[in-house]
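Visitor: Got a predicted structure plus its sequence, pasted below:
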Amino acid sequence: MAIEARELSKSFRINSKLPIPMSPSSKKAGQEGVSIERKVFDRISFTLDNGISCVVGPNGSGKTTLIRVLSTDIPPDSGSCTVMSYDLVKEKNHVRSIISTMFQGGSYFFDNQLTVGENIAFLSEVLELDKGKIRELMEVMRVNDYIGFKFGFLSHGNKKKMALIRAIALDRPVLLLDEPTSDLDFAARMAVRKILQDIGEKKTILITTHEIEDIELCKKLLILYDAALKEYDRESILKLANNFKVISIEKPNDNLGLEGCVLLSKSREQIRILVSNQEVEELIRRLQGYTQLVVGKPNISDIVIYISRLNNRSNW
């Protein structure tokens, strides 16, 4: 196996000042620091081989943290993991030499004061990248026209394209990509998916995503939720997604009559609910007094929330 994780755990400790009740031994209520531990994932195990796999879950579920652990950016609290037979903790320098990573906002590898062309020349020399491969990827991603622009003047989407190009051009056997298609236009998303498909069988690629379309690329789907991880069948998730719609209701009141619907999120400004295709028409009829009503497709996080409501923690 290219990646083999056994009972990996990771927590973060958050220090905060919270109001603390007065006690006989304390006269400074509210001044003491409170330390809160948050488990990101708890004793998760999985294996990855050649091909594209994805890890999905709602915002804050730990997807990026898992990528950071696998890339040796941060260590796990406990458990073990090997990448191409190298121990993630004891042999992290070896691990770093065989993986390529792109995080959200991964343009920190580039100098904003240099042009795109100057950045490419520098990275090609330092990292021994194939300039021809970089130019080819730039053409596919439609950023070749920006070769003379200072990197700092590029849009967020174009910076992300360059970060992805760098990660792919390193040509390493393991590729870890944090939401590679988010914040990109339609043509760029299609280009990224085509590139990943082309190289997927020869490499081990793990992506995080919120996009339903991305999981169509993946032969293995890992759902991370409530500090637990479970593998799901790709076809089952796609079938679920096709059976539901998401209805967003702007400025809702408390008497909507949404019994039986899956509540995805709620605030004073908006409610988002998951509704089966068979019930959409009837629900819209009942809510026809709401002019600010939007019906759309669910994203992968919506489906994860639905699954979590069907399964309690012990079933994961």
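Guide: It's in. Note that this is a predicted model, so its numbers are computed, not measured.
Visitor: Could you look up the SS state of Val294?
Guide: Secondary structure state of Val294, per DSSP: H, G, I helix; E, B strand; the rest coil, is strand.
Visitor: surely Asn112 meets Phe151?
Guide: Yes - assessed by Cβ atoms under 8 Å, Asn112 is found in contact with Phe151 at 5.2 Å. (Glycine included, C-beta is placed from N, CA and C.)
Visitor: What residues sit buried inside stretch 71-80?
Guide: Using 16 or more other Cβ atoms under 10 Å as the burial criterion, the residues of stretch 71-80 that qualify are 71-72, 76, 79.
Visitor: which residues of the stretch 1-150 of the chain score low on pLDDT?
Guide: Under the criterion of pLDDT under 70, the regions of the stretch 1-150 of the chain flagged as low confidence span 16-34, 106.
Visitor: ok, which stretches of it are helices?
Guide: Remark: helices of the stretch 1-150 of the chain, listed N- to C-terminal, are 63-70, 92-98, 116-127, 131-140; assignment by DSSP state H, counting those that start in this stretch.
Visitor: Single out the most deeply packed of these.
Guide: When you average the neighbours per residue for each of the helices of the stretch 1-150 of the chain (mean count of other Cβ atoms under 10 Å), helix 63-70 leads with a mean of 22.
Visitor: Just the CA atoms of stretch 114-128, as CSV, please.
Guide: Once non-C-alpha atoms are left out, stretch 114-128 reads as follows in CSV (Å, rounded to 0.1, in the frame of the first residue of the first chain):
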residue,chain,number,x,y,z
LEU,A,114,8.7,38.4,-9.3
THR,A,115,6.9,37.7,-12.6
VAL,A,116,5.3,34.4,-13.2
GLY,A,117,8.2,33.6,-15.6
GLU,A,118,10.8,34.5,-13.1
ASN,A,119,9.1,32.4,-10.4
ILE,A,120,9.1,29.4,-12.8
ALA,A,121,12.8,29.9,-13.6
PHE,A,122,13.7,30.0,-9.9
LEU,A,123,11.5,27.0,-8.9
SER,A,124,12.7,25.0,-11.9
GLU,A,125,16.3,25.4,-10.9
VAL,A,126,15.9,24.8,-7.2
LEU,A,127,13.4,21.9,-7.5
GLU,A,128,14.7,20.6,-10.8
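Visitor: re the thing from before, Asn112 and Phe151: which is more packed in?
Guide: Phe151 (21 against 13; other Cβ atoms under 10 Å).
Visitor: And the more buried one, how far from Leu264?
Guide: Using Cβ to Cβ, to the nearest Å, one gets 38 Å for the distance from Phe151 to Leu264.
Visitor: How about the backbone phi and psi for the spatially closest residue to Ser308 that is not a sequence neighbour?
Guide: Leaving aside its chain neighbours, Ser308 sits nearest to Tyr225 (5.2 Å; criterion: Cβ to Cβ, 6 or more residues apart in numbering). With angles defined as degrees, to the nearest 10, Tyr225 sits at phi -160, psi 140.
Visitor: now the residue nearest to the spatial centre of the chain: how far from Ser265?
Guide: Compute the mean C-alpha point of the chain, and by Cα atoms, centre = their mean the closest residue is Thr208, 3.4 Å away. Look at Thr208 and Ser265: by Cβ to Cβ, they are 20 Å apart.
Visitor: Same check on Asn15?
Guide: In this view, Asn15 and Ser265 are 28 Å apart by Cβ to Cβ.
Visitor: In terms of neighbours, single out the busier of the two.
Guide: Ranked by neighbour count (other Cβ under 10 Å), Asn15 and Ser265 place Ser265 first, with 13 against 8.
Visitor: Bridging across strands, which residues link to the more buried one?
Guide: Arg272 (DSSP bridges).
Visitor: which one of the buried residues of stretch 71-80 sits closest to Gln292?
Guide: Taking Cβ to Cβ as the measure, Gln292 sits nearest to Ser71 out of those, at 42.3 Å.
Visitor: thought that closest one was touching Ile98?
Guide: No - when contacts are counted by Cβ under 8 Å, Ser71 is not listed as touching Ile98 (11.0 Å).
Visitor: and the residue nearest to Ser308, what is it in contact with?
Guide: The contact partners of Tyr225, by Cβ atoms under 8 Å, 6 or more residues apart in numbering, come to 57-58, 61, 304, 307-308, 316.
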